[in-house]
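*Asks:* What follows is a predicted protein model with its sequence.
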Amino acid sequence: MLIIKSLKSLAEIYVALDFEDKQQALSFLQNNNLAGIPVKTGMELFYREGPRIIHDLKEKGHPVFLDLKLHDIPQTVKRAMKNLASLGVDVVNVHASGGKEMIQAAREGLREGSINENSRPVLLAVTQLTSTDQNMLTNELLIPHSVKENVAHLAELSRAGGADGVVCSVEETKIVKQVCGSEFLTLTPGIRQQNETNHDQKRVASPHKAGGEGTDAIVVGRSITQAQSPETTYKQIREEFLNGQQ
C-alpha cells in the first residue's frame, strides 16, 4: 500500500467566519484589528457569496481554510477540488467516510488545479464531527466501534488515500498521531474556553488541552466572534494553545 508523506503545514488557529454574508465577515475582521489572521469559511458564507468571498479574503492577506466537507463519487469530487484549488485557498477538506478512492481523487483534483505541488492546498479528511457522540455512532450510524477506534481507522484510511491530515476532536489527536505518525496533520474544532457552553458540540476541549494533546491547529468560532473583545480573546486563545504545546 502506497502511503504519500506530506510536508504541508497548518496555521495555529483558524477563526470560523460563521456570518450570514460577506459584509458582516469582512467588517468583523476590520473592526477588530484582525487583519491577515487565518480564517475558516464554511458552507453558510460560501454558498451565499461564492468564490468572491475567497478572493476578498485573500486580497486582504488571510490564509483561508475552505470548509465544505465534500462527499460524493470520486470523479465529482476530483472536478470540484480542481475548481477550488484555482481559487487559491490554503486548506480544503472532504469526508473520510467517502473512502480511499474519493480521497485520492480529491488530491489529484487539487494537484491539477494548482500551479505545482508546493502551491497545492492542504487536504484534510473529516473523521467524525465533534457533534457526534458514542450514542449516535452506535445507535444511529450502526458503527460497532468506539469513537476513538473509528476515528483512528478513518485517519489511517485518509493517510493511505493521500490526505495531509484529518479533522478530529482533541480527544482523538494522540491516537491519530500514534497510528499515522507525527507528521500527519490534525486540526481540531470544538474548542471552548472555561465556563462556555458546548452549543451543538459534544467532544470539546480548552485551547490549553488542545495544545497539550499535540494537535497541530485549532478552529475557534463563537468564542472569538461573539466575545466582547474579539482581538483580545483571539490573542488569549492563541497564547493558551501555544502554552499547552510546550
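*Replies:* Thanks, I have it.
*Asks:* I'd guessed residue 224 sits against residue 18; true?
*Replies:* No - look at residue 224 against residue 18 with C-beta atoms under 8 Å: they stay out of range, at 10.4 Å. Backbone N, C-alpha and C define where each C-beta goes, glycine included.
*Asks:* who has more neighbours, these two?
*Replies:* Ranked by neighbour count (other C-beta atoms under 10 Å), residue 224 and residue 18 place residue 224 first, with 26 against 17.
*Asks:* mind checking how far that one is from residue 189?
*Replies:* According to C-beta to C-beta, to the nearest Å, residue 224 and residue 189 sit 13 Å apart.
*Asks:* and if you look at residue 222?
*Replies:* Here the criterion is C-beta to C-beta. By it, residue 222 lies 11 Å from residue 189.
*Asks:* Could you do residue 126 as well?
*Replies:* Taken as C-beta to C-beta, the span from residue 126 to residue 189 is 10 Å.
*Asks:* Return the distance of stretch 13-21 from the chain's centre.
*Replies:* Relative to the centre of its chain, stretch 13-21 is centred 12 Å away, using C-alpha atoms, centre = their mean, to the nearest Å.
*Asks:* Buried residues, it. List them.
*Replies:* Within stretch 13-21, the residues that count as buried by 16 or more other C-beta atoms under 10 Å are 13, 14, 15, 16, 17, 18, 19.
*Asks:* can you tell me which residues contact the closest residue in space to residue 187 that isn't next to it in sequence?
*Replies:* Nearest residue to residue 187, sequence neighbours excluded (C-beta to C-beta, 6 or more residues apart in numbering): residue 217, at 4.6 Å. By C-beta atoms under 8 Å, 6 or more residues apart in numbering, the contact list for residue 217 reads 10, 11, 12, 13, 14, 185, 186, 187, 188.
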